[in-house]
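Participant: any chance you can model this:
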Amino acid sequence: MNSSPQPPAESLQLTLEPADTRLLANVCGPLNENLRHLEQRLHVIIHARGNEFDISGDASHIFAARQTLIALHADAQSGRSITAEL
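Facilitator: Alright, predicted model coming up:
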């Protein structure tokens with residue numbers, strides 16, 4: 001069986017501050033729905049624990065996920081409600 005080699009997965013840890021549980025719940029969504037949506041759209045894996053996020057996948061996808069999480073956190077801080085459709 002001949003399979004093409006997969007590029008090595010990379011990972012990054014991101015800490016969002018302030019660690020406000022209401023903001024983080026808004027960013028992650030109900031049952032982490034927003035995170036699952038990001039995973040599907042950006043082809044990454046995101047593990048969240050409090051305000052710490054571990055993102056793994058292809059380097060360019062990790063960077064996009066990181067930037068998106070930072071932007072969503074900023075939106076949440078400004079009072080915007082975050083949904084998976086955003």
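Participant: which regions of the protein sit below the pLDDT cut-off?
Facilitator: For the chain, residues meeting the criterion pLDDT under 70 lie at 1-9, 86.
Participant: how does it look with 50?
Facilitator: For the chain, the stretches with pLDDT under 50 are 1-2.
Participant: helices along that one, start to end?
Facilitator: For the chain, applying DSSP state H gives helices covering 21-28, 33-42, 59-77.
Participant: and those helices: which comes nearest residue 84?
Facilitator: helix 33-42 (4.0 Å; Cβ to Cβ). Placement of C-beta: from N, CA and C, glycine included.
Participant: other SSEs contacting that closest one?
Facilitator: Applying 3 or more Cβ pairs under 8 Å, 6 or more residues apart in numbering; DSSP states H and E, we find helix 33-42 packed against helix 21-28, strand 44-49, helix 59-77.
Participant: TSV for these, including distance to residue 35?
Facilitator: Listed next are these as TSV, based on distance: least, Cβ to Cβ, whole Å:
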stretch	distance to residue 35
helix 21-28	5
strand 44-49	5
helix 59-77	9
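Participant: so which of the ones you listed gets nearest residue 83?
Facilitator: Among the helices and strands packed on helix 33-42, helix 21-28 sits nearest to residue 83 (Cβ to Cβ), with 9.5 Å.
Participant: export the helices and strands packed on helix 33-42 as TSV, with columns for distance to residue 36 and mean neighbour count.
Facilitator: Compiled in TSV, these are given as follows (distance: least, Cβ to Cβ, whole Å; neighbours: other Cβ atoms under 10 Å):
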stretch	distance to residue 36	mean neighbour count
helix 21-28	9	17
strand 44-49	8	16
helix 59-77	12	17
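Participant: quick one: closest of the ones you listed to residue 12.
Facilitator: helix 59-77 (5.1 Å).
Participant: so what's the gap between the closest one and the chain middle?
Facilitator: Offset of helix 59-77 from its chain centre (Cα atoms, centre = their mean, to the nearest Å): 6 Å.
Participant: and stretch 73-81, by the same measure?
Facilitator: 15 Å.
Participant: before we move on, what about stretch 10-17?
Facilitator: That offset, for stretch 10-17, works out to 9 Å (Cα atoms, centre = their mean).
Participant: distance-wise, check residue 17 relative to residue 85.
Facilitator: 26 Å (Cβ to Cβ, to the nearest Å).
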